[in-house]
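Undergrad: Coordinates for the following, if possible.
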Amino acid sequence: MTKLLLNLFVKEKNNLSSLKVRSQIGRLSGVVGILCNLLLFAGKITIGLLSGSVSITADAMNNLSDASSSVITFLGFKLAEKPADEDHPYGHARFEYLSALFVAAIIIIIGFELAKTSIEKIINPTEVLFSVPVAVVLILSILVKLWLSVFNGKLSKMINSATLQAASSDSRNDVISTLAVLIASVLQFFFGWHVDGIIGLLVAVFILYSGAMLGKETISPLLGEAGSPELRELIAELIKSNPKVLGYHDLMVHDYGPGQRFASLHIEMDAKEDPMDCHDMIDDLEREIFQSYNVHTVIHYDPVSTGDSELERIKGIVLNTIKEFDKRLSLHDFRMVCGSGHTNLIFDIELPFDLSKKDKEIKTLIDSKLAELNEKTYYTVINFDPAIFN
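TA: Next comes the predicted model:
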């Protein structure tokens, strides 16, 4: 069924690097979600009102919220497709994240309302009429939601979409909650156990939890989370594969939404290399990263001195000193500027977040170690970088 829908409604479905194709797949998910959830809502609300079951009515409202969520998902993908303009030079791809955030808000509001209704039902329980139509509607709902979960899961993997993965997880959760409603109806009909309100409350809590987790997942990229380790590693491997690159650091990936990623980094090359050759090589690397991973990249060139035995000796002393403090520490951009009265040592140290308040202690340790050499007067000029960018 998934392949059939893709063949019918998504042109060039195999061109997954295209933002237009991504948008078409996202909108297809939204339309299918709207239609399925509205049908389920109509069936459940009818049966729920006729039978007096708050848990079935609660599950129907959950389907209505899912239909609203699908509308927002559809609009999110549509708006994310808008090209960059003067006010938004990085494009509008973050609309996809915003749509997921709106979905989370709707889910949470519905969850609170259902919790309130279920608590009233627990306090004042009423009889639930169970019949074959009730069972048929609930079983049909489970089957439809199970298919929706698989459908959105496949689409999510195709375009690597957190929004569609959330939709898939939400449908999977609905299968569990609807199954619980069916069990509650059966227990009350056959054994007289009034667990309808309790089950409705559990469904509400489940909806609240799903909404909170979805909100957490979508807020993170909006706040500016780090690029995925997999993408960072791919970029790093491509950079390191060039024989003229001696090292890299300060790799920062900025996510402005799916298909709109920007990166910046520093690469170190021998200062003896021809600057024009280095410039051409950097242009080639930037172009290759974009063609391979669809990431716009700006690379800064750091020339480093090689073959200076004195510099390498002092650098080794500093490196051993910080490794004794913490093995995770490393340094880069090490320069030595000799003067008549003292020598400046200028370098960067990559600092893990849990050591962010240890910078003064580390500098004092390095200065003490250099003073023990009794050779020259060394002044250290240290810039502490977050290790995650290095």
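
Undergrad: What residues of the longest helix anywhere in the chain count as buried?
TA: For the chain, the helix with the greatest residue count under DSSP state H is helix 19-51. Neighbour counts over helix 19-51 (16 or more other CB atoms under 10 Å) mark 19, 21-30, 32-34, 36-37, 40-41, 43-45, 47-48, 51 as buried. (Glycine included, C-beta is placed from N, CA and C.)

Undergrad: So residue 349, which state does it fall into?
TA: For residue 349, the assignment made with DSSP: H, G, I helix; E, B strand; the rest coil gives strand.

Undergrad: So what sits opposite it in the bridge?
TA: residue 331, residue 384 (DSSP bridges).

Undergrad: give me the number of residues near residue 280?
TA: The number of residues packed near residue 280 is 11, by other CB atoms under 10 Å.

Undergrad: helix or strand for it, which one?
TA: Assigned by DSSP states H and E, residue 280 falls within helix 275-293.

Undergrad: Next, the buried residues of that helix.
TA: 278, 281, 282, 285, 286, 289, 293.

Undergrad: After it, which helix or strand is next?
TA: strand 295-304.

Undergrad: Specify the angle between that next one and helix 275-293 in degrees.
TA: 150 degrees (axes from the mean of the first three to the mean of the last three CA atoms, to 10 degrees).

Undergrad: continuing past strand 295-304, what's the next helix or strand?
TA: As assigned by DSSP H and E, the chain's next helix or strand after strand 295-304 is helix 309-325.

Undergrad: For the stretch 51-200 of the chain, give me the ranges with low pLDDT.
TA: Within the stretch 51-200 of the chain, the segments meeting pLDDT under 70 span 53-55, 126-130.

Undergrad: now the helices: where do they sit in it?
TA: Under the criterion DSSP state H, counting those that start in this stretch, helices of the stretch 51-200 of the chain are mapped to 54-80, 95-123, 132-159, 162-191, 196-223.

Undergrad: can you redo those helices as JSON lines with distance to residue 13 and mean neighbour count?
TA: Formatted as JSON lines, those follow (distance: least, CB to CB, whole Å; neighbours: other CB atoms under 10 Å):
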{"stretch": "helix 54-80", "distance to residue 13": "15", "mean neighbour count": "24"}
{"stretch": "helix 95-123", "distance to residue 13": "19", "mean neighbour count": "19"}
{"stretch": "helix 132-159", "distance to residue 13": "8", "mean neighbour count": "19"}
{"stretch": "helix 162-191", "distance to residue 13": "15", "mean neighbour count": "20"}
{"stretch": "helix 196-223", "distance to residue 13": "25", "mean neighbour count": "19"}
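
Undergrad: How about residue 322, nearest residue that isn't a chain neighbour?
TA: Computed as CB to CB, 6 or more residues apart in numbering, the closest residue to residue 322 that is not its neighbour in sequence is residue 329, at 4.1 Å.

Undergrad: wait, what's in contact with that neighbour?
TA: 322, 323, 349, 350, 351, 352, 355, 362 (CB atoms under 8 Å, 6 or more residues apart in numbering).

Undergrad: and with 7 Å instead?
TA: Applying CB atoms under 7 Å, 6 or more residues apart in numbering to residue 329 gives the contacts 322, 323, 349, 350.

Undergrad: Out of those, grab the one that's most surrounded.
TA: Greatest neighbour count in the contacts of residue 329, by other CB under 10 Å, goes to residue 349: 24 neighbours.

Undergrad: how far away is that one from residue 268?
TA: As judged by CB to CB, to the nearest Å, residue 349 and residue 268 stand 15 Å apart.

Undergrad: got it, and residue 224?
TA: To residue 268, residue 224 is 26 Å away according to CB to CB.

Undergrad: This completes my enquiry, with thanks.
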